[in-house]
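Student: predicted model follows, preceded by the sequence.
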Amino acid sequence: MSKIFVDACRGKKTPYTPVWMMRQAGRYLPEYMEVRAEAGDFLSLCKDPKKACEVSLQPVDIVGVDAAIMFSDILVVPLEMGMELKFVKGEGPVFSNPITSLEDVEKLDVQKAANELKYVYDTIKLIRGKLAADKALIGFCGAPWTLATYMIEGQGTKTYNKVKKMIYTNPNLMHALLAKVTEALKLYMENQIKSGIDVAMVFDSWAVALEQSAYFEFSWKYIKELTSFLKKNYPDTPIIVFPKGISGYLDEIDGEFDVFGVDWSTPMELAKEKLGDKYILQGNMEPTRLYDKKAIDEGVDRVIKVMKNERHIFNLGHGILPDVPVENAKYFIKTVQEKTKNL
Ligand code: CP3
């Protein structure tokens, strides 16, 4: 059975524009909070395939999105490469042994990570078994740069001083880390594809931290290496890339992938002008419009005016926030599906 989401990734004309939301399996859903409470904490939920499967399916069943995204986190890769990870309440993720030297990089274990991430592959198999045949399953990983940033900073940061100090004072160490993370991601995404994902997505949430030359040297180069590897070996699996906050650098974007994720700060017109012929575009309603139905209507109309129902996947321009009313999320999905019908 054909999947409207996969068809859209391939540039086929679809009956309406498929739609999903980044972070759709999450805290705005009371049903998610229930399962997470049963699991104990966030990482235990990631490591429990049955529960992770259950929360992955919730947004499909409750909100009506056209694709499920497997429930996990980008940081399970550094965790299984040998780093100590905790999710601290109110602070987000924390690595207690951040990377500072080449010895630290050498200790990271690529093969161990690919094997230990079996709970993710098991989650994918369970979801694919239960998900309707016409809905797509999205697998994902973090971009090497975004993962390396967490691995060096040890936690979220506003200034990125440790990681930026490294790129200008010790670029070789940075490249050694990025190369190793990229190798782990190749195996990880390969295993996700073999386990049954329909589409692969790469999140580069911290692209925004870098000036243009540094972005292409320390991030985009490695994203391209990863997507070229996947395209060469798995040409039938569409790939989405989402580099957040680089609207000024769109002229330099190239590489082997299918869909470019547009963040909310990039005008859709600009993304279409620069990249719309080469790639399908995904995005980009400002996520906080979800607080208000009139704001949703306006936001949806703006994007439709530019993209019509052509070479487009509807999404938010970043993740849904935990305090958004579920009713509004449902309204957003239904509005997109209805307004793009027969366009
Ligand atoms: O629904 C989905 O999109 C699938 C699951 C998913 C999660 N994280 C679940 C999650 C995905 C795709 C991610 C990606 C992710 N994780 C990114 C890239 C995308 C982005 O949003 O920029 C990043 C940077 C992370 C790292 C991360 N994980 C942070 C910074 C946090 C804490 C944030 C916060 O709001 O507290 C997490 C935890 C996390 N990952 C949660 C969820 C549902 C919240 C955990 C909880 O239940 O308390």
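Tutor: Noted; the coordinates are in hand. Residues are numbered from 1 along each chain as shown.

Student: when you work out contacts or count neighbours from here on, use the C-alpha atoms and nothing else.
Tutor: Will do.

Student: strands of the stretch 201-343 of the chain, residue ranges please.
Tutor: With DSSP state E, counting those that start in this stretch as the definition, the stretch 201-343 of the chain shows strands at residue ranges 239-243, 259-261, 280-285, 312-316.

Student: run through the residues of the stretch 201-343 of the chain sitting next to the ligand.
Tutor: Taking C-alpha under 6 Å from any ligand atom as the measure of proximity, the stretch 201-343 of the chain contacts the ligand at 203, 205, 319.

Student: neighbour-wise, which of these leads?
Tutor: With neighbours defined as other C-alpha atoms under 10 Å, the most crowded of these is Phe203; it has 22 neighbours.

Student: what's opposite it in the beta bridge?
Tutor: Phe203 forms beta bridges with Gly142, Phe242, as assigned by DSSP bridges.

Student: surely it and Trp145 touch.
Tutor: No. Checked against C-alpha atoms under 8 Å, the pair Phe203 and Trp145 is beyond contact range at 9.8 Å.

Student: re the thing from before, please identify which of the residues of the stretch 201-343 of the chain next to the ligand is nearest to Leu131.
Tutor: Comparing those against Leu131 with C-alpha to C-alpha places Gly319 closest, at 22.2 Å.

Student: just checking, the closest one touches Met22?
Tutor: Yes. Judged on C-alpha under 8 Å, Gly319 makes contact with Met22 at a distance of 4.5 Å.

Student: how about the contacts made by the residue in the stretch 151-300 of the chain positioned nearest to the ligand?
Tutor: With distances taken as C-alpha to the nearest ligand atom, the stretch 151-300 of the chain approaches the ligand most closely at Ser205, which sits 4.4 Å away. In this structure, Ser205 makes contact with 142, 146, 242-245, judged by C-alpha atoms under 8 Å, 6 or more residues apart in numbering.

Student: need the helices for the stretch 101-250 of the chain, in chain order.
Tutor: 102-107, 110-116, 118-130, 144-153, 161-169, 171-195, 212-215, 221-233 (DSSP state H, counting those that start in this stretch).

Student: pLDDT score assigned to Glu225?
Tutor: In this model, Glu225 is scored at 98, pLDDT.

Student: where's Phe260 relative to Val202, distance?
Tutor: 10 Å (C-alpha to C-alpha, to the nearest Å).

Student: what do these two both touch?
Tutor: Common neighbours of Phe260 and Val202 are listed as 240-242 (criterion: C-alpha under 8 Å, 6+ apart).

Student: wait, which of the residues you listed is closest to Lys221?
Tutor: Nearest to Lys221 among the shared contacts of Phe260 and Val202, with distances taken as C-alpha to C-alpha, is Val241, at 12.8 Å.

Student: find the nearest non-adjacent residue to the residue in the stretch 1-150 of the chain positioned nearest to the ligand, please.
Tutor: Closest residue of the stretch 1-150 of the chain to the ligand, C-alpha to the nearest ligand atom: Arg23 (3.0 Å). With C-alpha to C-alpha, 6 or more residues apart in numbering as the measure, Gly319 is the residue that lies nearest to Arg23, at 4.9 Å, once sequence neighbours are left out.

Student: my read is Val55 is in a strand, agree?
Tutor: No. Under the criterion used here (DSSP: H, G, I helix; E, B strand; the rest coil), Val55 is helix, not part of a strand.

Student: how deep is it tucked in, by neighbour count?
Tutor: The number of residues near Val55, taken as other C-alpha under 10 Å, comes to 27.

Student: distance of it relative to Val326?
Tutor: As defined by C-alpha to C-alpha, Val55 lies at a distance of 15 Å from Val326.

Student: could you do Met70 as well?
Tutor: When distances are taken as C-alpha to C-alpha, Met70 and Val326 turn out to be 20 Å apart.

Student: next one: Pro287
Tutor: Taking C-alpha to C-alpha as the measure, Pro287 falls 13 Å from Val326.

Student: before we move on, what about Gly142?
Tutor: From Gly142 to Val326 the distance is 27 Å (C-alpha to C-alpha).

Student: when those two are compared, which one has more neighbours?
Tutor: Between Gly142 and Val326, counted using other C-alpha under 10 Å, Gly142 has the larger neighbour count: 24 against 18.

Student: so that one sits against Ala200, correct?
Tutor: No. Applying C-alpha under 8 Å as the test, Gly142 and Ala200 come out as separate, 10.9 Å apart.

Student: let's see the lowest-mean-pLDDT helix or strand in the chain as CSV, backbone CA atoms only.
Tutor: Taking mean pLDDT, DSSP states H and E as the measure, the helix or strand of the chain with the lowest value is strand 85-88, at a mean of 92. What follows is the C-alpha trace of strand 85-88 in CSV, where atoms were taken according to Å, rounded to 0.1, in the frame of the first residue of the first chain:
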residue,chain,number,x,y,z
LEU,A,85,24.2,10.2,30.4
LYS,A,86,21.5,11.4,32.8
PHE,A,87,18.4,13.4,32.2
VAL,A,88,18.3,15.9,35.1
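
Student: and that strand with the ligand, contact?
Tutor: No. Strand 85-88 does not reach the ligand (C-alpha under 6 Å from any ligand atom); its nearest approach is 7.2 Å.

Student: what's in contact with that strand?
Tutor: Counting by C-alpha under 8 Å, 6+ apart, 42-43, 79, 93-96 sit against strand 85-88.

Student: okay then, goodbye and thanks.
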